[in-house]
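> Sharing a model prediction with you, sequence too.
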Amino acid sequence: MQQKHFRNGGSSSAHRSGGPAFRGRPSFGGKGGGPRRPSFGRGGYGGNRGGGRSGRFSSFSDISKFVNKAVITEETTHFKPEHNFTDFKIDEKIKVNILKKGYNEPTPIQDKVIPHILANQDVVGIANTGTGKTAAFLIPLIDKVMRNRTEMILIMVPTRELATQIDDELREFSRMLSIFSVCCVGGAPIGRQLANLRRSNNFIIGTPGRLKDLVERKALNLSKFKTVVLDEADRMLDMGFIHDMKFMISRMPADRQTLFFSATMSRDIQVLIKDFLRNPVSISVKTGDTAKSVDQDVVRVGSRNKLDVLQDLLSQTDFSRVLIFGKTKHGVERLKEALVQRGFKSESIHGNKNQSKRQQALNLFKANHLQVLVATDVAARGIDVSDISHVINYDLPATYEDYIHRIGRTGRAGKKGKAITFID
């Protein structure tokens, strides 16, 4: 019988606060006008700096962080994994599904992490976004369930989009294996989640706020879960989920396996690792703050109309599938409407849309029925769409970490991508 999965996903009502603002206005060039159509020359896409809006450059002020030429990975030393998927001591049926998914050899994080998870060790994995870490924990955990059908696994993530993405991947890796899951997230009807939780499930995937709500309703008994995954832990910390995370962990058995994944390693993250994990194996495959496959540059808007500059970029043929980030929910919606009026097939994802509308927009973008998806940072982690040609920071991100995760939506799986940041 086909396994039943609840497809909706979302973040809880907790929100993140921005960092301290950079109050000066950095100088980005000489005065004077510039060509209306942005030129792709040295020092940025746009013309020279003139008057314009007074911007806020939060938390980081080094403009060079937005400019970085991509490294063509084929010209560098190719990664040679120690293992093949056929080498791992996992059920043969899982290997069949891995091959059907098109995975030929493990990525660095998969190659190094999977053996330790299979050995039931606690793991700290530090890796850039887009490196295949979801499969790195799903594959060995599916095998864990195959060996013990009573095994229950909790996966905590910061956003509904990421929860949905993980549930989708779980379905593909566990096809025809009678493994069941429930996606428990805010922004979606809780009644359906409550009904699905009454059935037998091996995986519960959710956001901290909704999971805590379900525990308090006594619909979720965490004492039965001996494995927990904290994915995008740094983002959950940024979004203010620390107390919810501690609430959940405190209700799980002390004798558990804890898998902790993060793109950054701050002092706060180190404290969480010490509190949550026991003698973890630490694995880092992070080679830099941003992916080497992403070509990063800036657009100097100056006195020109910002929307006109964006239109000129989107009119170019190589801007085929573009993810644009804005700062506020209302600003994102207004920008989407303005782009539609100018003839661009566009949709939006933000917190004021219910989950079905957000998922519909994401599905249209995935199916290449849209050229542009405009989003707030809620979508910076969790959007897994192949061949995004460009990420555009229409509004500056609040922190450099947010910038890293925004541009990580392009240049994935060894492909080259481009990231553009608008500055005044």
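It's in.

> confidence score at the closest residue to residue 197 other than its chain neighbours?
Residue nearest to residue 197 in three dimensions, not counting chain neighbours: residue 219, with 5.1 Å by Cβ to Cβ, 6 or more residues apart in numbering. Glycine gets a C-beta too; all of them are placed from N, C-alpha and C. Per-residue pLDDT puts residue 219 at 97.

> before we move on, which element is residue 219 in?
For residue 219, there is no helix or strand it lies in under DSSP states H and E.

> same deal with residue 139?
Applying DSSP H and E, one finds residue 139 within helix 133-147.

> and the next element down the chain from that helix?
Downstream of helix 133-147, the first helix or strand assigned by DSSP H and E is strand 153-156.

> neighbouring strands for that following strand, and are they parallel or not?
Sheet pairing for strand 153-156, assigned by DSSP bridges, gives strand 203-206 (parallel), strand 227-230 (parallel).

> What are the contacting residues of the helix or strand following the first one?
I take that to be strand 203-206. On the C-terminal side of strand 203-206, the closest following helix or strand by DSSP H and E is helix 208-216. Residues outside helix 208-216 that contact it (Cβ atoms under 8 Å, 6 or more residues apart in numbering): 10-14, 154, 156, 158, 184-186, 190, 193-194, 197, 204, 206, 220-222, 236, 241, 244-245, 247-248, 251.

> Distance from the chain centre to helix 208-216, please.
With Cα atoms, centre = their mean, to the nearest Å as the basis, helix 208-216 stands 22 Å off its chain's centre.

> so of the contacts of helix 208-216, which ones are in strands?
Cross-referencing the contacts of helix 208-216 against strands under DSSP state E gives 154, 156, 184, 204, 206.

> got a list of what the last one touches?
Counting by Cβ under 8 Å, 6+ apart, residue 206 makes contact with 154, 155, 156, 157, 163, 183, 184, 185, 214.

> Any idea what it is bridged to?
In beta-bridge terms (that is, DSSP bridges), residue 206 pairs with residue 156, residue 184.

> do you know how far it is from residue 316?
As for residue 206, its distance to residue 316 is 40 Å (criterion: Cβ to Cβ, to the nearest Å).

> And the helices in this structure, which stretches?
Along the chain, counting by DSSP state H, helices occupy 92-100, 108-118, 133-147, 160-173, 190-197, 208-216, 233-238, 242-250, 267-276, 306-314, 329-341, 355-366, 400-407.

> name the helices or strands packed onto the longest one?
What that stands for is helix 133-147. Judged by 3 or more Cβ pairs under 8 Å, 6 or more residues apart in numbering; DSSP states H and E, the packing partners of helix 133-147 are helix 92-100, helix 108-118, strand 123-126, strand 153-156, helix 160-173, strand 227-230, strand 257-262.

> How far does it sit from its chain's centre?
A distance of 19 Å separates the centroid of the chain from that of helix 133-147, by Cα atoms, centre = their mean.

> Just the angle for it relative to helix 160-173, thanks.
If you take axes from the mean of the first three to the mean of the last three Cα atoms, to 10 degrees, helix 133-147 sits at 50 degrees to helix 160-173.

> and the angle from helix 133-147 to strand 257-262?
Calculated by the same axes, to 10 degrees, helix 133-147 forms an angle of 170 degrees with strand 257-262.

> in helix 133-147, what counts as buried?
Buried positions in helix 133-147, judged by neighbour count with 16 or more other Cβ atoms under 10 Å: 133-146.

> Identify, from those, the entry nearest to residue 113.
Using Cβ to Cβ, residue 136 comes nearest to residue 113 of those, at 4.5 Å.

> so what's that closest one up against?
Residues near residue 136 by Cβ under 8 Å, 6+ apart: 107, 109, 110, 113, 114, 117, 125.

> Pick out the most distant pair among those.
The span of the contacts of residue 136, defined through Cβ to Cβ, is set by 107 and 117 at 14.6 Å.

> if you count what's nearby, which of the two comes out ahead?
residue 117 (24 against 21; other Cβ atoms under 10 Å).

> For that one, which non-adjacent residue is closest in space?
Residue 117 sits nearest to residue 140 (Cβ to Cβ, 6+ apart), 3.9 Å away.

> how about that neighbour, what does it touch?
By Cβ under 8 Å, 6+ apart, residue 140 lies in contact with 88, 90, 114, 117, 118.

> switch to 6 Å and redo it
Residues near residue 140 by Cβ atoms under 6 Å, 6 or more residues apart in numbering: 114, 117, 118.

> Could you measure from the nearest residue to the last one once chain neighbours are set aside over to residue 245?
In other words, residue 118. Spatial nearest neighbour of residue 118, chain neighbours left out: residue 140 (4.8 Å); criterion: Cβ to Cβ, 6+ apart. Distance from residue 140 to residue 245, counting by Cβ to Cβ: 22 Å.
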